[in-house]
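*Asks:* coordinates only, sequence not included:
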């Protein structure tokens with residue numbers, strides 16, 4: 001009987017539907033006994049006899065892969081794979097699967113939440129009201145703002161659909177042109193520097209790799225408008241955090257909305273000392289519906305690999 005180790009701390013938390021997918025396929029399930037994101041030693045301890053892993057962002061390293069000799073598939077709950085040593089997995093003929101088609105909607109929704117709050121400062125005024133202060137903040141019409149999308153994958157395209165519905169002008173930068181989107185939404189493809197200089201709101205949707213690590217740094221931040229809003233729901237290391245801190249502190253840009261960090265959890269970032277930086281604890285996919293859908297898709301990926 002094939003064995004599936006659930007290293008994810010969230011798998012099955014809101015529904016047992018995914019467990020049923022695994023069990024009905026005749027797979028033996030090894031549950032995460034730690035009730036938290038396991039470290040390398042804990043993963044090895046629970047998964048050494050597994051044929052498959054279902055994981056979140058815990059590190060699936062070369063050492064972990066070597067310690068699980070029967071491993072055939074690493075199924076990520078999510079779309080990023082920077083937490084997995086993919087090259088080594090490929091060299092061992094181990095599939096790395098993702099839950100495509102599941103996470104795009106909630107992440108795009110969160111980005112629009114940020115954009116609307118940036119335009120109307122609702123959170124800021126609510127905080128003031130709770131402090132018994134009647135302070136009106138002059139906002140912006142959303143349809144007067146230009147959105148710059150950095151990375152036009154599935155999530156970026158979902159953001160475009162929502163932003164277009166609010167009447168925003170949209171620019172994008174990507175390796176490939178999206179001709180359908182340009183025709184339908186009046187988008188413009190441009191180089192990164194041009195996009196940064198012309199956009200009121202910049203939202204990042206690139207994968208993390210050597211080409212995108214530190215993409216937003218002191219130099220690129222200096223290209224942005226003084227009142228620009230920067231949004232990151234991709235990966236923390238796409239931004240040089242210290243450079244962003246300095247830019248916000250010195251009012252070189254207007255505001256940042258940050259949902260992801262290079263090291264997580266992170267409660268000691270210097271960004272949390274700044275009033276013009278809104279922080280959330282990596283909640284882009286953190287909805288009940290998405291968690292259940294990711295569970296089921298990850299389980300189906302495992303079954304497809306092991307049974308077919």
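*Replies:* Received it, and whenever you're ready, just let me know what you need. All of these numbers come straight from a predicted model, not from anything done at the bench.
*Asks:* can you give me the buried ones in whichever strand or helix holds residue 244?
*Replies:* Here residue 244, judged by DSSP states H and E, is contained in helix 241-249. By neighbour count with 16 or more other CB atoms under 10 Å, helix 241-249 contains the buried residues 241, 243, 244, 245, 247, 248. Any C-beta I mention is one placed from the backbone N, CA and C, and that applies to glycine too.
*Asks:* kindly report the same for stretch 81-93.
*Replies:* 81, 83, 84, 85, 88, 89.
*Asks:* same check on stretch 158-168?
*Replies:* Buried residues in stretch 158-168, defined by neighbour count with 16+ other CB under 10 Å: 158, 159, 160, 162, 163, 164, 168.
*Asks:* mind checking the SS state of residue 96?
*Replies:* strand (DSSP: H, G, I helix; E, B strand; the rest coil).
*Asks:* near it, how many residues? Count them for me, please.
*Replies:* Residue crowding around residue 96 was assessed by other CB atoms under 10 Å; the count is 17.
*Asks:* pull the number of nearby residues for the closest residue to residue 1 other than its chain neighbours.
*Replies:* Nearest residue to residue 1, sequence neighbours excluded (CB to CB, 6 or more residues apart in numbering): residue 28, at 5.0 Å. Neighbours of residue 28 under the rule other CB under 10 Å: 14.
*Asks:* cool, and residue 194?
*Replies:* Residue 194 - counted by other CB under 10 Å - has 15 other residues nearby.
*Asks:* element containing it, please.
*Replies:* helix 192-198.
*Asks:* helix or strand right after that helix?
*Replies:* Downstream of helix 192-198, the first helix or strand assigned by DSSP H and E is strand 201-204.
*Asks:* mind listing what's buried in the helix or strand following that next one?
*Replies:* Following strand 201-204 in sequence order, the next helix or strand is helix 218-221 (DSSP H and E). By 16+ other CB under 10 Å, the buried positions in helix 218-221 come out as 220, 221.
*Asks:* what packs against helix 218-221?
*Replies:* Here helix 218-221 is seen to pack against helix 192-198, helix 241-249 when contacts are counted using 3 or more CB pairs under 8 Å, 6 or more residues apart in numbering; DSSP states H and E.
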